[in-house]
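Undergrad: Okay, structure incoming, though there's no sequence with it:
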């Protein structure tokens, strides 16, 4: 039997870190705030909402990925778990959410480490 590793769960929420109202992305499971990039440790596997931790996941790193664009690494302040999630960027005119609903490019740049 195959274990499901991803559950689409694209609900809006209010960020527990900064209070920003986050709208559904309309594409995939949304799990972090576009304004502060923080999240809550609520998933075991993406979108399943099966974690009992509920700690604050803070962004610690952002890395470019040739297939996914940018990937944000979060670390849970409660249990120390490390998670990775694709950044939500406005990629084309077809992306119709208000600009403030896409991840802060300024914060993504600050988290990006130049590797030589």
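TA: Ah, there it is. Since the structure is predicted, the reported quantities are computational estimates derived from the model, not experimental observations.
Undergrad: low pLDDT regions in the protein?
TA: 1-4, 6-7, 93, 113-116 (pLDDT under 70).
Undergrad: Next, the residues that contact the top strand by length along it from outside, please.
TA: Ranked by residue count, the top strand of the chain under DSSP state E comes out as strand 56-65. Applying CB atoms under 8 Å, 6 or more residues apart in numbering, the contact partners of strand 56-65 are 16-17, 32, 37-41, 70-78, 82-83, 86-87, 107-109, 111-113. C-beta here means a position set from N, CA and C on the backbone, and glycine is covered the same way.
Undergrad: Go ahead and build a ChimeraX selection from the buried members of those.
TA: Buried residues within the contacts of strand 56-65, by 16 or more other CB atoms under 10 Å, are selected in ChimeraX with:
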select :17,32,37,38,39,40,41,70,72,73,74,75,76,83,86,87,107,108,111
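Undergrad: Which ones among the contacts of strand 56-65 map onto strands?
TA: Counting by DSSP E, those place 39-40, 70-76, 82-83, 86 in strands.
Undergrad: okay, those residues in TSV with distance to residue 9 next?
TA: Output for the ones in strands among the contacts of strand 56-65, formatted as TSV (distance: CB to CB, whole Å):
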residue	distance to residue 9
39	13
40	13
70	21
71	19
72	18
73	20
74	17
75	22
76	19
82	21
83	15
86	14
